[in-house]
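# Whatever this is, show me its structure:
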Amino acid sequence: MTLKKTGKVILEKCPTGIKGLDEITQGGLPRGRPTLICGSAGCGKTLAAVEFLVRGALEYGEPGVLMTFEETPEDLAKNFISLGFDVNDLVARRLLAIDNVRVERSEIEETGEYDLEGLFIRLGCAIDSVGAKRVVLDTVEALFSALPNEMILRAELRRLFQWLKDRGVTAIITGESGDRTLTRYGLEEYVADCVILLDFRVREQISTRRLRIVKYRGSAHGADEYPFLIGEQGLSVLPVTSLMLDYPVARERIATGIPKLDAMLGGQGFYRGSTILVSGTAGMGKTSIATTFTDAACRRGERCLYFAFEEPPQQITRNASSIGLDLARWEKKGLLKFHAARPTLYGLEMHLLAIHKAITDYRPRVVIMDPISNLTAVGTPAEVKSILTRLTDYLKMNSTTALLTDLTHSGGSLERTNEEISSLIDTWLLLRDIELNGERNRGLYILKSRGMAHCNQIREFLISDRGVDLIDVYTGAGGGILTGSARAAQEAWEKAAENTRVSEMERRRLEKERRKKVLEAQIEALRAEIAAEAAELAMLGIEEKKRQAGSLADRLAMAHLRKADAAGRQPQRKREQPGDRR
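This is a model prediction of the structure:
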C-alpha cells in the first residue's frame, strides 16, 4: 500500500511495460500480489507473462523469475528471440532466472501429506539468486494435473498464493480456460486481486485476440473487451479509450495543393494535425485529392506515409502522373513511402499494429489512408470505427495530419459514412456527381471544417493533365446547377451576350461621335455665318460713314461752286474804335 498526501491508502502498482495494458489497468498490476492471466491455447498467456518479466528487467530494473512447467529454457529462448526478447542474455546478466519443473503423475503418490514445500524451496532459491521482484508461474494446470483430489488442490493453491504475497513479489500465474469457469480449476476464486482473461476467436476466417480485466481488487480499471496484438515487438493492447482528449492543438495551417480549395478554407488550407475526410461515390476523384495533398506535403519537405488498401503503389504513381504529379521523385528522395496491403490479408487489429509500427518507424508529418471503407471487409462498421478512433487519437497526439478517403454508395445519404466517424473528422470534403443533359460531372463542397470560416458553395471539380481545379458552378433560371456542357453553353451564351452588348455599346459610341462631329460642324458653320454677317455689318458701317463723308464733301463743294457763302453771308461789321465818330 501507498499513502497519498491526503492520507488515503491507495494500491501500489507494478507497471508491465506492455503497450496499452498499463493504461487500461491505470498503472499496471497490483504490486506484491499475484495476478491470474487465463485463456485458451494460443491466446498469448505465456507471451504476456514473459514480456512482463523482460520489460521489468530492462525498463524498470526489476529482475524476475520464470518457473515453467511445460517448456524447457532452451525452447523458451528460441520462441522469444523472434520477438526481440533475448532471454539467454538476461539470464547471463542475472536479470532473469528460469527454472523448469517437470511434474510426472507416475512420480506422485497422492497422500494426505502431499504439499508444495519443495516447490517453495526451489522458487525461493531462484528469487534469491537474482534478487527477483517479479515472478511468473506458467502454467499452473501442469503442476496440479496429477492431483485429482480437489480438496488437496485448493488447499495447496491457497498456500501458493499466500506464499507469493508473503515474499512481496509481483506474480503472474497463467491458467487454461475451463468449460464454464475462467480457469480449469476455478483459480479466479483464489486469485481475486487481479484476473485478466485472454480470448482467441475466429470469425468469418479472420482471427482476433481480445483482453478483458475480469476483476481488479482495490483499483479502477477498464472493463471492456480490448483487442490485442502479437507483433515483432511483443504484445500490444489497443484499448478504444487508451488516449485521453488532451493532445496538443496547432494553429498552423498547411496548403491542400489546390489553391482554390485553400481559398474555400479561409485562404489557408487545413489545420496542422487535423483529420480530413474525403468521401464520395466511385470515380469522383478522392484519390486525386489524396495524391495532390501528398505532393503538396512533399514539396514542403514533409514526410508522407501513404496506406493503400485497393491499389498497388506503382498504379497510384502511374495514375498520379496523368494529372501532372510526379510521386516517384518523392519516393526516391525518401519523402514518400507507400504501405500497400489488402484488408483481407489479416484482421483489423493486425492492420492497426502494422499502421502503428510503420508510423513509429517512419515518423511522417502527413498520413494518407485510401480508402478506409475497404476495412469493412474484415470487420463490422463498429469495429472499423474503433480502429479509426484509436488511430486518429494516436495521430493527433503526434500532431500528424491525416487524410482519409471513404467510398460512399449512391442511393443513400452522402452526408454520412458507413463507419459513423463523422465525430472524429475535423474537415469533411464531400464529392458528389451532378447529372445534367446526359452528362455526369463532379462537384465538391465542404460539409464541415472545425475552427475556421469556410465556403458553403458547391464548386465544380475538374481533373485534367494539369492537375485538379475548382471552378464556380452556374445556376440556371430555375435555380438548378449547370455543369459540363450545360455550363459551357451558358458560358458561350454569356460570352455572346457580352460581345453583343460590347458591339452595341461601340455602335452607340460611334453614333454619338458622329452626331457630335455633325453638331460641332453645324456650330462651326453658324459661327462662320455669324462672323460673316458681323463683317458685313462692319463693312456696311464703314461704307455708311464713307457715304456720309462723301455727301458732306459734295455739299460743301457744291456750295463753293455756287458762291453760296458770299451771297448768303452778311458782311461783318467792324468794331468801332474810340474816336471813329469824330
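# how far does stretch 292-301 sit from the chain's center?
14 Å (CA atoms, centre = their mean, to the nearest Å).
# tell me which residues in that stretch are buried?
By neighbour count on 16 or more other CB atoms under 10 Å, the buried set for stretch 292-301 is Thr292, Phe293, Thr294, Asp295, Ala296, Ala297, Cys298. C-beta here means a position set from N, CA and C on the backbone, and glycine is covered the same way.
# wait, which of these is closest to Lys512?
Thr292 (52.3 Å; CB to CB).
# Low-confidence ranges, the protein, go.
Scanning the chain for pLDDT under 70 picks out the ranges 1-9, 103-115, 144-150, 179-181, 184-192, 203-207, 238-245, 410-416, 473-487, 563-582.
# Which parts of it belong to which domain?
Under the assignment automatic domain parsing, the domains of the chain span 12-237, 253-486.
# Strands of the stretch 301-450 of the chain, start to end?
Secondary structure of the stretch 301-450 of the chain (DSSP state E, counting those that start in this stretch): strands at 304-308, 336-340, 366-370, 401-407, 427-436, 439-449.
# tell me which strands and helices the third one is in contact with?
Spelled out, that is strand 366-370. helix 286-299, strand 304-308, strand 401-407 (3 or more CB pairs under 8 Å, 6 or more residues apart in numbering; DSSP states H and E).
# and what of the fifth one?
Contacts of strand 427-436 with other secondary structure elements, assessed using 3+ CB pairs under 8 Å, 6+ apart, are made with strand 275-280, helix 286-299, strand 439-449, strand 481-482, helix 484-561.
# ok so, going back, I'd like the strands of the stretch 301-450 of the chain as JSON lines, with mean neighbour count and distance to Leu66 appended.
Listed next are these as JSON lines, based on neighbours: other CB atoms under 10 Å; distance: least, CB to CB, whole Å:
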{"stretch": "strand 304-308", "mean neighbour count": "23", "distance to Leu66": "38"}
{"stretch": "strand 336-340", "mean neighbour count": "19", "distance to Leu66": "36"}
{"stretch": "strand 366-370", "mean neighbour count": "26", "distance to Leu66": "39"}
{"stretch": "strand 401-407", "mean neighbour count": "24", "distance to Leu66": "41"}
{"stretch": "strand 427-436", "mean neighbour count": "20", "distance to Leu66": "51"}
{"stretch": "strand 439-449", "mean neighbour count": "19", "distance to Leu66": "53"}
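# doesn't Thr170 make contact with Gly32?
Yes. Using CB atoms under 8 Å, Gly32 is in contact with Thr170, at 6.0 Å.
# what about the two, which has more around it?
Taking other CB atoms under 10 Å, Gly32 and Thr170 do not tie; Thr170 has more neighbours (26 against 19).
# Mind listing the residues bridging to that one?
Arg134 (DSSP bridges).
# ok, it - contacts?
For Thr170, the contacting residues are Cys14, Leu29, Pro30, Arg31, Gly32, Arg33, Thr35, Lys133, Arg134, Val135, by CB atoms under 8 Å, 6 or more residues apart in numbering.
# Redo the domains of the chain as JSON lines? Include distance to Ile542.
Listed next are the domains of the chain as JSON lines, based on distance: least, CB to CB, whole Å:
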{"stretch": "domain 12-237", "distance to Ile542": "123"}
{"stretch": "domain 253-486", "distance to Ile542": "78"}
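# I'd like to know how many residues surround Glu506.
Close neighbours of Glu506, defined as other CB under 10 Å, add up to 10.
# Tell me how far it lies from Thr500.
According to CB to CB, to the nearest Å, Glu506 stands 11 Å off from Thr500.
# partner residues bridging the residue lying closest to Gly280 once chain neighbours are set aside?
Excluding its sequence neighbours, the residue lying closest to Gly280 (CB to CB, 6 or more residues apart in numbering) is Leu431, at 3.1 Å. Assessed by DSSP bridges, Leu431 has beta-bridge partners Leu444.
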